[in-house]
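Q: my questions concern the predicted model and sequence given below.
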Amino acid sequence: MKVALITGIRGQDGAYLSKFLLEKGYKVVGADRRSGDSSNWRLKELGIEKEIEILYMDLLEFDNIFRVIQKIQPDEVYNLAAQSFVATSFEQPILTAEVDALGVNRLLEALRLLKPDAKFYQASTSEMFGKVQTIPQNEKTPFYPRSPYGVSKVFGHWITVNYRESYNMFACSGILFNHESPLRGVEFVTRKITYNLAQIKYGLRDKIILGNLEAKRDWGYAKEYVEGMWMMLQHNEPDDYVLATGETHSIKEFVEKACSFVGYEIEWQGEKEHLKGIDRKSGKVIIETSKEFYRPAEVDILIGDASKAKKVLGWEPKTSFEKLVEIMVDADLRRVAQELKK
Ligand code: NAP
Ligand code: F7E
C-alpha cells in the first residue's frame with residue numbers, strides 16, 4: 001500500500017485529493033497544523049474523515065516536519081498547505097512568506113535528508129504570472145507576481161525545481177489556475193457569491209458586497225485538478241505543468257450566471273466601486289461594491305494554456321464554466337436550506 005502525505009489536509013484540494021487517493025488504494029496521512037477550527041467539515045462532507053490518519057505538522061516548524069517524515073516514510077508528498085488567500089497576504093506578508101516560500105524549503109530539505117526517493121508535488125499557482133507577460137500563460141511564461149502570496153509562491157516553485165535539478169529528486173510543480181467547488185472557502189469570490197446568494201434566496205440576507213468585478217479568472221473544477229496532481233507524480237519524469245481550462249470570465253459574469261441559477265436577472269448600474277447589480281424583476285439591489293475588497297495590486301486577467309498537461313499526461317478539464325457555477329449554487333442552496341431546518 002502506497003503512503004501519501006498531504007499537507008493542507010483540511011483545505012479544499014486536500015479533501016478532494018484524499019478522496020481520490022483513498023479510492024486508488026493509498027494510505028492517506030493528513031498533515032494538520034492544528035488551527036482553531038477542528039471541524040473537518042470538508043472531509044466529513046466527502047465521508048472520508050475516519051479513513052485518514054491525521055498528524056500535527058506545521059510548515060513553520062522544521063523539527064516537526066522532520067519527525068513526521070521520519071515516522072511515516074511517505075512514497076508521495078503533496079504540499080498543499082499554504083496561507084492561500086491573496087488579500088490576507090497583503091496584511092501578513094511575512095507569515096505568508098514563511099509558510100508559502102520557506103515552508104516548501106523546509107519540507108524539501110526534510111525529504112532530501114530522510115526520504116529522497118519520495119515523489120513531491122508543489123502547489124504552485126497562476127498568481128505567479130500576475131501582471132501577465134503573454135496571453136495565454138503556459139510553463140514558459142515569465143513570472144510577474146502582484147502580491148506577497150504570488151511572490152512567495154514563486155520561491156516555492158523555484159526551490160522545487162532547484163531540488164529536482166540539484167539532488168535528482170522527483171519534484172514537480174503544478175501551476176494551477178483558479179479551481180473552485182462547493183468545498184471552496186467562503187472568503188474566495190466564487191463561494192462568497194454562491195453562498196451569499198443562497199442566503200438572499202432564503203431571506204437571510206439582502207445583498208452581497210464585493211470588490212473589483214472587472215478582474216478575469218480561468219476557473220476550473222477542483223475535483224478534476226487534484227487528479228492532475230496525481231498524474232504528474234505517476235509520469236516517468238518529474239516536470240512542471242500548467243492546469244487550466246483555457247477560458248476566462250470576469251467576476252461580473254460569474255455573478256450574472258450564479259444569479260440566473262437562483263432566478264435573478266441582473267442589470268448593472270454605475271461604475272467601478274459604485275457599481276450596483278439590480279434584479280430586473282423585483283428592482284432589489286443584490287450586489288454592491290466597496291473599496292474594502294479591492295487589492296493594493298490586482299491581477300487583471302488570467303487564462304491558462306494546459307496543452308502540455310494534455311499532451312504528456314492526458315489531463316484535460318471536463319466541467320464547463322456554466323456547469324461549475326451551477327454545481328456551486330446548487331450545493332449552497334441545499335446547505336442553506338439544511339441550516340434553516342436546524
Ligand atoms: P485552502 O483551502 O486555503 O487550504 C490550505 C490549507 O493549508 C488549509 O488547510 C490550512 O490549514 C493549511 N495551512 C495554512 N498554513 C499552514 C501551516 N503553517 N502549516 C500547515 N498547514 C497550513 O487552499 P486550497 O484551495 O485547497 O489550495 C491548496 C493549495 O493550492 C494551496 O497551496 C494554494 O495556495 C494552492 N493553489 C490553489 C489554487 C486554487 O484555485 N484553489 C490555485 C493554485 C494554487 P487550516 O485548515 O488549519 O487553515
Ligand atoms: O479572487 C476579485 C479579486 O480571492 C478572485 C486562491 O486560491 O486563486 C485564488 O486567488 C478575484 C480577484 O481568488 C471580491 O480582486 C472581487 O481579482 O477568489 P479570489 P484569487 O485571488 O484569484 C489563485 C490561483 C490562488 O493560487 C489562490 O490561492 O476576485 N474580487 N470582489 C474578490 N475577491 C474576493 N476574495 N472577495 C471579493 O469580495
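A: Arrived safely. Ligands and ions are numbered 1, 2, ... in the order given.
Q: send the alpha carbons of the host helix or strand of F66 over as PDB?
A: Assigning secondary structure by DSSP states H and E places F66 in helix 62-72. Taking only C-alpha atoms (Å, rounded to 0.1, in the frame of the first residue of the first chain), the coordinates of helix 62-72 have been written out as PDB:
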ATOM      1  CA  PHE A  62      11.300  22.200  10.800                       C
ATOM      2  CA  ASP A  63      11.800  19.600  13.600                       C
ATOM      3  CA  ASN A  64       8.100  18.800  13.500                       C
ATOM      4  CA  ILE A  65       8.200  18.200   9.700                       C
ATOM      5  CA  PHE A  66      11.400  16.100  10.200                       C
ATOM      6  CA  ARG A  67       9.800  13.800  12.700                       C
ATOM      7  CA  VAL A  68       6.600  13.300  10.700                       C
ATOM      8  CA  ILE A  69       8.600  12.300   7.500                       C
ATOM      9  CA  GLN A  70      10.800  10.100   9.600                       C
ATOM     10  CA  LYS A  71       7.800   8.400  11.100                       C
ATOM     11  CA  ILE A  72       5.600   7.800   8.100                       C
END
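Q: residues in contact with the closest residue to R42 other than its chain neighbours?
A: If the residues on either side of it in the chain are set aside, R42 comes closest to A15, at 3.7 Å by Cβ to Cβ, 6 or more residues apart in numbering. Placement of C-beta: from N, CA and C, glycine included. Remark: with contacts taken as Cβ atoms under 8 Å, 6 or more residues apart in numbering, A15 is in contact with I9, R42, L43, E45, L46, I48, L183.
Q: and those near ligand 1, which?
A: Filtering the contacts of A15 for neighbours of ligand 1 using Cβ under 6 Å from any ligand atom leaves an empty set.
Q: strands paired with the strand or helix carrying A123, and their directions?
A: For A123, the host element (DSSP H and E) is strand 119-125. Strand 119-125 pairs in its sheet with strand 76-79 (parallel), strand 171-176 (parallel), by DSSP bridges.
Q: C-terminal to that strand, what's the next element?
A: Remark: after strand 119-125, the chain's next helix or strand is helix 148-167, criterion DSSP H and E.
Q: angle of that following helix against strand 171-176?
A: Per axes from the mean of the first three to the mean of the last three Cα atoms, to 10 degrees, the angle that helix 148-167 makes with strand 171-176 is 150 degrees.
Q: is helix 148-167 in proximity to ligand 2?
A: No: using Cβ under 6 Å from any ligand atom, no contact is recorded between helix 148-167 and ligand 2, whose separation bottoms out at 6.5 Å.
Q: alpha carbons of that helix, in CSV - could you do that?
A: The C-alpha coordinates for helix 148-167 follow below in CSV (Å, rounded to 0.1, in the frame of the first residue of the first chain):
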residue,chain,number,x,y,z
PRO,A,148,3.2,38.8,-1.3
TYR,A,149,1.3,35.5,-1.9
GLY,A,150,2.4,35.4,-5.6
VAL,A,151,6.0,36.3,-4.7
SER,A,152,6.2,33.6,-2.0
LYS,A,153,4.8,31.0,-4.4
VAL,A,154,7.5,31.9,-7.0
PHE,A,155,10.1,31.0,-4.4
GLY,A,156,8.2,27.7,-3.7
HIS,A,157,8.2,27.0,-7.4
TRP,A,158,11.9,27.6,-8.0
ILE,A,159,13.1,25.8,-4.9
THR,A,160,11.1,22.8,-6.1
VAL,A,161,12.8,23.0,-9.5
ASN,A,162,16.2,23.5,-7.7
TYR,A,163,15.9,20.4,-5.5
ARG,A,164,14.9,18.4,-8.6
GLU,A,165,18.0,19.6,-10.6
SER,A,166,20.4,19.6,-7.7
TYR,A,167,19.6,16.4,-5.9
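Q: dump the residue contacts of A222.
A: When contacts are taken as Cβ under 8 Å, 6+ apart, A222 is in contact with Q12, D13, Y16, H179, E180, S181, L183, R184.
Q: next step: these restricted to helices.
A: Those of those mapping onto helices are Q12, D13, Y16, per DSSP state H.
Q: out of the residues you listed, who's near ligand 1?
A: Counting by Cβ under 6 Å from any ligand atom, the subset of the ones in helices among the contacts of A222 that neighbours ligand 1 consists of Q12, D13.
Q: ligand 2: which of the ones in helices among the contacts of A222 is nearest?
A: Each of the ones in helices among the contacts of A222 was scored against ligand 2 by Cβ to the nearest ligand atom, and Q12 proved nearest at 8.3 Å.
Q: doesn't W41 make contact with the closest one?
A: No: judged on Cβ atoms under 8 Å, Q12 makes no contact with W41 at a distance of 11.1 Å.
Q: neighbour count for these two, which is higher?
A: More neighbours surround Q12 than the other of Q12 and W41, with 24 against 12 (other Cβ atoms under 10 Å).
Q: now do the contacts for the more buried one.
A: Contacts for Q12 were tallied using Cβ under 8 Å, 6+ apart; they are R42, S181, L183, R184, G185, A222.
Q: same check, this time on F62
A: In this structure, F62 makes contact with R106, E109, A110, judged by Cβ under 8 Å, 6+ apart.
Q: again, 7 Å this time
A: Under the criterion of Cβ atoms under 7 Å, 6 or more residues apart in numbering, the contact list for F62 reads R106.
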